[in-house]
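Colleague: sequence and computational prediction follow.
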Amino acid sequence: MKIKDIPLIDRPIERLINKGVTSLSNEELLAIIIRTGTKEKSAKDISSELIGNFGSLKNLADSSYEQLKTIKGIGKSKSALLISCFELSKRINTSIDSIINIKANRPDIIFNYYKQLLSDRKQEYFYAIYLNIRNRIIKDKLLYIGTINYSIVHPREVFREAYLAGASSIILLHNHPGGSVFPSKNDIDTTKRLKEVGDLMGIKIVDHIIIGKDKYYSFYENNDL
């Protein structure tokens, strides 16, 4: 049954308005976001298929744009809309609304912001966080997604953004999807190489923070810089 064939009072949007959002099932909430179905399937049918294919709402929220597009009825726009909704829900859970202009004088401040964004990721995300002379964050930049190693983290990309932002120093940050925060050989080699370049260029690497499930590792705190 298509949503337009459901009595008006029982349609998801009307039920949300009249009975509250908690009265809706996960499929109905997704159907509101998806809005339209196909000739063969309603928006609610597609929502049920999404949850069924990914096994749970959490797995669905962790899915990629490419994975969503494999579902018939979920094209470019709907995939982007769903990814945006899932990402916003993760960002709402951070204890800091924005990292910009925060004084980054302790690694736990950085961890508390990025842990909700990165702790459940299935791939490694590598960020450079750029600071002004007062150690306040002026910009962060996602530079790489995938297994981080010495060969792909090129100093050119890291320091180009630093010059564009007028940064005085940089904090490197990435996650370990497996949960462990102990630095790998690649992590150590990458940090050492970027620190050497930063020392030569006058834009110091002041920390490299690795985020796991519910903890972090700071090169600065462990005297590894």
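Modeller: That came through fine.
Colleague: just say helix, strand or coil for I210.
Modeller: Under DSSP: H, G, I helix; E, B strand; the rest coil, the three-state class of I210 is strand.
Colleague: for it, what are its contacts?
Modeller: L173, H174, N175, H176, V181, F182, P183, D187, Y216, Y217 (Cβ atoms under 8 Å, 6 or more residues apart in numbering). Using the backbone N, CA and C atoms, a C-beta is placed for each residue, glycine as well.
Colleague: okay, now the domains of this structure?
Modeller: 3-92, 107-218 (automatic domain parsing).
Colleague: among these, show me which one is buried the most.
Modeller: Mean neighbours per residue, mean count of other Cβ atoms under 10 Å, is largest over the domains of the chain for domain 107-218, with a mean of 18.
Colleague: endpoints of it, how far apart?
Modeller: Taking Cα to Cα, to the nearest Å, the first and last residues of domain 107-218 lie 7 Å apart.
Colleague: what of stretch 61-76?
Modeller: Stretch 61-76 end-to-end distance (Cα to Cα) = 17 Å.
Colleague: ok, P155 to I171 distance?
Modeller: 15 Å (Cβ to Cβ, to the nearest Å).
Colleague: on the three-state scheme, the most centrally placed residue in the chain is what?
Modeller: Central residue of the chain (Cα atoms, centre = their mean): L117, 4.2 Å from the mean position. Here L117 is helix, with the state taken from three-state DSSP.
Colleague: wait, it touches R91, no?
Modeller: Yes. The criterion here is Cβ atoms under 8 Å, and L117 meets it with R91 at 6.8 Å.
Colleague: what's the pLDDT at R156?
Modeller: Per-residue confidence at R156 stands at 90 (pLDDT).
Colleague: quick one: average pLDDT of stretch 47-57?
Modeller: Here the average pLDDT along stretch 47-57 is 88.
Colleague: what lies in contact with it?
Modeller: Contacts for stretch 47-57 (Cβ under 8 Å, 6+ apart): 26-31, 34, 41, 60, 63, 67-68, 71, 73-74.
Colleague: mind jotting down where the helices sit in this structure?
Modeller: Under the criterion DSSP state H, the chain contains helices at 12-19, 26-34, 43-54, 57-61, 65-68, 76-92, 107-118, 155-165, 185-201.
Colleague: L131: which of the ones you listed is closest?
Modeller: helix 155-165 (9.3 Å; Cβ to Cβ).
Colleague: the closest one to helix 185-201, inter-axis angle?
Modeller: Interaxial angle, helix 155-165 versus helix 185-201 (axes from the mean of the first three to the mean of the last three Cα atoms, to 10 degrees): 50 degrees.
Colleague: helices or strands up against helix 155-165?
Modeller: Contacts defined by 3 or more Cβ pairs under 8 Å, 6 or more residues apart in numbering; DSSP states H and E place helix 155-165 against strand 125-131, strand 137-145, strand 169-175, helix 185-201.
Colleague: kind regards, and thank you for your time.
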